[in-house]
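the sequence isn't on hand, but the structure is:
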């Protein structure tokens with residue numbers, strides 16, 4: 001029995017190493033920064049479409065670059081790793097949580113529109129939905145992937161929209177988008193930089209064996 005426990009612990013430790021590179025943290029921080037960039041583009045151009053296109057374009061680039069860099073970085077320094085059946089189920093739960101968050105957001109927005117909620121009420125409600133959604137999704141990731149810092153990331157990611165909207169709606173004080181998105185983004189990005197530097201230090205590139213002449 002202790003042998004099975006030891007194997008489970010080793011598998012857990014091996015899996016967690018694949019989230020210690022900091023790339024995902026950097027991705028989250030830069031995604032929040034992208035939202036600030038989209039808001040700036042909207043103000044500069046006077047067009048919400050322009051801001052949305054800028055945000056979508058930069059986000060797509062971030063997704064491709066982060067996935068490519070992370071795959072190559074992990075492969076070169078940790079090799080290949082195939083999680084066990086329990087871990088694969090946990091990963092599936094995380095994917096369902098991510099999908100569920102998108103579906104829940106669309107449903108709630110539709111219900112609010114169907115109920116003819118006033119713009120003021122919607123502006124108070126939507127940031128709350130954003131916050132609860134972020135905390136729930138990142139909480140699920142933290143729990144099922146055994147990465148506790150994702151709890152904090154969920155709180156920081158979720159706080160951006162309330163910081164942007166609520167001061168303006170409730171107290172007639174407009175917080176600049178680069179502050180509302182930039183402060184949480186800077187904290188998450190700092191986590192990513194710290195993790196990446198430590199990962200590069202602790203896990204050098206795996207050496208390949210020299211070819212043997214026969």
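That came through fine. Worth saying up front: this structure is predicted, and the values here are computed from it rather than measured.

element containing residue 53?
Assessed by DSSP states H and E, residue 53 sits inside helix 48-78.

quick one: buried residues of that helix?
For helix 48-78, the neighbour count (16 or more other C-beta atoms under 10 Å) marks 51, 54, 55, 58, 59, 62, 66, 70, 73, 74, 77, 78 as buried. Where C-beta positions appear, they are placed from N, C-alpha and C, glycine not excepted.

so where's the chain uncertain?
Applying pLDDT under 70 to the chain flags residues 1-18, 80-88, 90-91, 93-122, 207-214.

would you map the helices across the chain?
Counting by DSSP state H, the chain has helices at residues 2-17, 23-45, 48-78, 85-114, 119-145, 149-171, 177-202.

pick the most deeply packed of those helices.
Of all those, helix 23-45 has the most neighbours on average by mean count of other C-beta atoms under 10 Å, namely a mean of 20.

output the contacting helices and strands for that helix.
The contact analysis (3 or more C-beta pairs under 8 Å, 6 or more residues apart in numbering; DSSP states H and E) places helix 23-45 against helix 48-78, helix 149-171, helix 177-202.

of all those helices, which lies closest to residue 35?
helix 177-202 (4.9 Å; C-beta to C-beta).

mind giving me the packing neighbours of the closest one?
helix 23-45, helix 149-171.

between these, which one is closest to residue 89.
Short answer: helix 149-171, nearest of those by C-beta to C-beta, at 18.1 Å.

so what secondary structure elements neighbour that closest one?
Helix 149-171 sits against helix 23-45, helix 119-145, helix 177-202, with contacts defined as 3+ C-beta pairs under 8 Å, 6+ apart.
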